[in-house]
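**Student:** this is the structure alone, sequence omitted:
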């Protein structure tokens, strides 16, 4: 028995010895170990050998004398495909990328060698990709010393391409509880760098890439931007990609700042040091390609949660103006702008400055109920402007400027005094007032179609004073009709105010298509508000298409033109898309993003004053729409005749309306 056990032990020992010898022979012949190539190592079928060879590759790569761009690009692809896979990070991928960043910053000659030019970009991108959803990977990056090289890239140590990848990675590192302290220790340096990057990146990308002839652009940057592109039109696609990346660079810089501001209120003072940054912040929206990002207004809302932030924003007229413009738009983040203004009004230290600058805008929104996740916004606006303490409130209101004082007084009259009067009225009295308001509205329609625009405005105003507050739908139409009269008189501000009040009365908010179109025209007429005009146009186009899809158009509207968006709307969208392009401001000679007011006044849409028989100037709300669902309003056939000729938008001077409408009345 004992001899049998000994023989078995000897046999097993021999088998183990042979297996070990075979493994040594395999390792000697294995190309992944002999050449140190990442591509060979990663293909090794034996898991133990693969991990050993990949780990060895990552240890040696930062000190290699070869051109390593291809291998780093392969790691980047692996990180993009499986950002949560722990294998490569556990084998040293993140540490390797951090060391490569440090080497690239220290050794410019090495970085300029052939494929090495793209190494810093890919290395920073790998860190950002692996840390996008993994706190553990973020801790590995911090432990590897990635923060400092990334800050250097964010500060412009290389080019905008590397800066974009660095901003992305830093944003992820600042978003985790475990790694935020490591980033916060560098906040005094990081905040100014991120502010500068967000403020200047659009001009930087334009000047150093887009404005250059393709042959003069850095080759490695062109290779990065055109990866995956093929066929004709590659230059145009490259420019679009550059615009997208510039937008992402700005958004990631703002996200990084938002992470710092949300976790460390002491950073607010540093962020608010640059008034120019605050002035532009609300317009840093990331462009249409980043519609899901709250971008600048999200950071503004964070700043409004601290006294130092509220003080800085209240002292910046451009910041308040930007918030008002966003609050009176159909942007998805409209409620964020209103949140900011309410936070500023809730602070008695900033109430006066904010109310004086924003009351006329906020009064237009006092009928809002629900907007996004926010409920009873109109009541919150009313309470903030009228204050809870009547004695103190009256004293402070008297100190406001004339326009703000008038706006607050009108709000008090409608929301408090008139409401109390109507609550005391009998049902018969309210019905009588409603009938009188309908008659005034009919007369206003008649006056408008006779070219008596001033008289029509007067009659609509009287109708609004008579119409009970409970007649929400009737008041919506009256405000929308009066907005059209204001357009006819080219009173852009008044037209935008009436259209906004109509949209605030709509249920859901901003769902009255004709008012969207009228406000879009008003913003275009006013100038400098191409973004707001574009958003209203797109919202109208969505309502138009949805109405056509579900057959909600009136029979008269159905026909050949039913299949197309009205020409005037399509033309307005095209024009405003050009004016709101990310590089529109800098290409016109400015240096800031989103400054569509730099577009010259000659770029306004032309007034249609020709005598084309197809232009019947019947872009008008006859009041019949009050019988339809307020969530979707479409142009009917009579309203589209003006647009079909393609001669311009339905915005005309008063004399033009009078001369062309006086000979006839609108058909009932």
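**Tutor:** All right, it came through fine. Source: prediction; values computed, not measured. Numbering: from 1, shown residues only.

**Student:** so residue 500 touches residue 330, yeah?
**Tutor:** No. The pair residue 500 / residue 330 is not scored as a contact, 10.0 Å apart, by Cβ atoms under 8 Å. (Glycine included, C-beta is placed from N, CA and C.)

**Student:** compare the two (neighbour count), which wins?
**Tutor:** Just comparing residue 500 and residue 330: by other Cβ atoms under 10 Å the higher neighbour count belongs to residue 500, 26 against 22.

**Student:** select the longest helix from this structure.
**Tutor:** helix 234-263 (DSSP state H).

**Student:** can you say which helix or strand has residue 88 in it?
**Tutor:** In the assignment (DSSP states H and E), residue 88 maps to helix 87-90.

**Student:** can you get me a residue count around residue 84?
**Tutor:** 12.

**Student:** same deal with residue 197?
**Tutor:** With other Cβ under 10 Å as criterion, residue 197 counts 26.

**Student:** buried set for the next helix or strand after the longest helix of the chain?
**Tutor:** Using DSSP H and E, the next helix or strand after helix 234-263 towards the C-terminus is helix 267-271. Neighbour-count burial for helix 267-271, with 16 or more other Cβ atoms under 10 Å as criterion, is recorded at 267, 268, 270, 271.

**Student:** wait, isn't residue 121 in contact with residue 161?
**Tutor:** Yes. Counting by Cβ under 8 Å, residue 121 touches residue 161, with 5.3 Å between them.

**Student:** pull up the overlap in contacts between those two.
**Tutor:** Taking Cβ atoms under 8 Å, 6 or more residues apart in numbering as the criterion, residue 121 and residue 161 both touch residue 224.

**Student:** residue closest to the middle of the chain?
**Tutor:** What sits nearest the mean C-alpha location of the chain, by Cα atoms, centre = their mean, is residue 285, with 3.6 Å.

**Student:** quick check: residue 146 vs residue 249, distance?
**Tutor:** 19 Å (Cβ to Cβ, to the nearest Å).

**Student:** brain fart, residue 534
**Tutor:** Distance from residue 534 to residue 249, by Cβ to Cβ: 22 Å.

**Student:** repeat that for residue 359.
**Tutor:** Counting by Cβ to Cβ, the gap from residue 359 to residue 249 is 37 Å.

**Student:** next: residue 128.
**Tutor:** Distance from residue 128 to residue 249, by Cβ to Cβ: 12 Å.

**Student:** low-scoring stretches of this protein, by residue?
**Tutor:** Scanning the chain with the threshold set as pLDDT under 70 gives 1-36, 67, 228-233, 286-293, 388-396, 549-563, 587-668.

**Student:** okay, domains of it per the record?
**Tutor:** 11-17+33-301, 302-424 (the TED database).

**Student:** what distance separates stretch 159-168 from the middle of the whole chain?
**Tutor:** 20 Å (Cα atoms, centre = their mean, to the nearest Å).

**Student:** then stretch 56-73?
**Tutor:** From the chain centre to the centre of stretch 56-73 is a distance of 39 Å (Cα atoms, centre = their mean).

**Student:** likewise stretch 211-229?
**Tutor:** For stretch 211-229, the distance to the chain centre is 27 Å (Cα atoms, centre = their mean).

**Student:** from residue 173, how far out is residue 458?
**Tutor:** From residue 458 over to residue 173 the distance is 62 Å, taken as Cβ to Cβ.

**Student:** I misspoke; the intended subject was residue 360.
**Tutor:** 43 Å.

**Student:** circling back to that earlier point, would you turn the domains of the chain into TSV with distance to residue 523?
**Tutor:** Shown next, in TSV, are the domains of the chain (distance: least, Cβ to Cβ, whole Å):
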stretch	distance to residue 523
domain 11-17+33-301	14
domain 302-424	8
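
**Student:** nearest to residue 581, of those?
**Tutor:** Closest to residue 581 of these is domain 11-17+33-301 (Cβ to Cβ; 7.3 Å).

**Student:** give the helix, strand or coil label for residue 528.
**Tutor:** Classification of residue 528 using DSSP: H, G, I helix; E, B strand; the rest coil returns coil.

**Student:** next one: it from residue 585, what distance?
**Tutor:** Applying Cβ to Cβ, the value for residue 528 to residue 585 is 11 Å.

**Student:** between those two, who's got more neighbours?
**Tutor:** Taking other Cβ under 10 Å, residue 528 and residue 585 do not tie; residue 585 has more neighbours (25 against 16).

**Student:** wait, is that one part of a strand?
**Tutor:** No. Counting by three-state DSSP, residue 585 is located in no strand; its state is helix.

**Student:** just give the number of residues close to the nearest residue to residue 207 once chain neighbours are set aside.
**Tutor:** Of all residues beyond its chain neighbours, the one nearest residue 207 is residue 586 (7.4 Å), with distances taken as Cβ to Cβ, 6 or more residues apart in numbering. The number of residues packed near residue 586 is 24, by other Cβ under 10 Å.

**Student:** distance of residue 97 from residue 172?
**Tutor:** 14 Å.

**Student:** quick one: the helices in the stretch 401-550 of the chain?
**Tutor:** Under the criterion DSSP state H, counting those that start in this stretch, the stretch 401-550 of the chain contains helices at 402-412, 419-424, 427-449, 453-466, 472-488, 492-505, 513-526, 530-549.

**Student:** list the buried ones in the third one?
**Tutor:** Neighbour counts over helix 427-449 (16+ other Cβ under 10 Å) mark 430, 433-434, 437-438, 440-441, 443-445, 447-449 as buried.

**Student:** and the residues you listed as JSON lines, adding distance to residue 197?
**Tutor:** Formatted as JSON lines, the buried residues of helix 427-449 follow (distance: Cβ to Cβ, whole Å):
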{"residue": "430", "distance to residue 197": "59"}
{"residue": "433", "distance to residue 197": "58"}
{"residue": "434", "distance to residue 197": "57"}
{"residue": "437", "distance to residue 197": "55"}
{"residue": "438", "distance to residue 197": "57"}
{"residue": "440", "distance to residue 197": "56"}
{"residue": "441", "distance to residue 197": "54"}
{"residue": "443", "distance to residue 197": "59"}
{"residue": "444", "distance to residue 197": "53"}
{"residue": "445", "distance to residue 197": "54"}
{"residue": "447", "distance to residue 197": "56"}
{"residue": "448", "distance to residue 197": "52"}
{"residue": "449", "distance to residue 197": "55"}
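
**Student:** tell me how far residue 364 lies from residue 429.
**Tutor:** To residue 429, residue 364 is 28 Å away according to Cβ to Cβ.

**Student:** now swap in residue 324 and tell me
**Tutor:** From residue 324 to residue 429 the distance is 37 Å (Cβ to Cβ).
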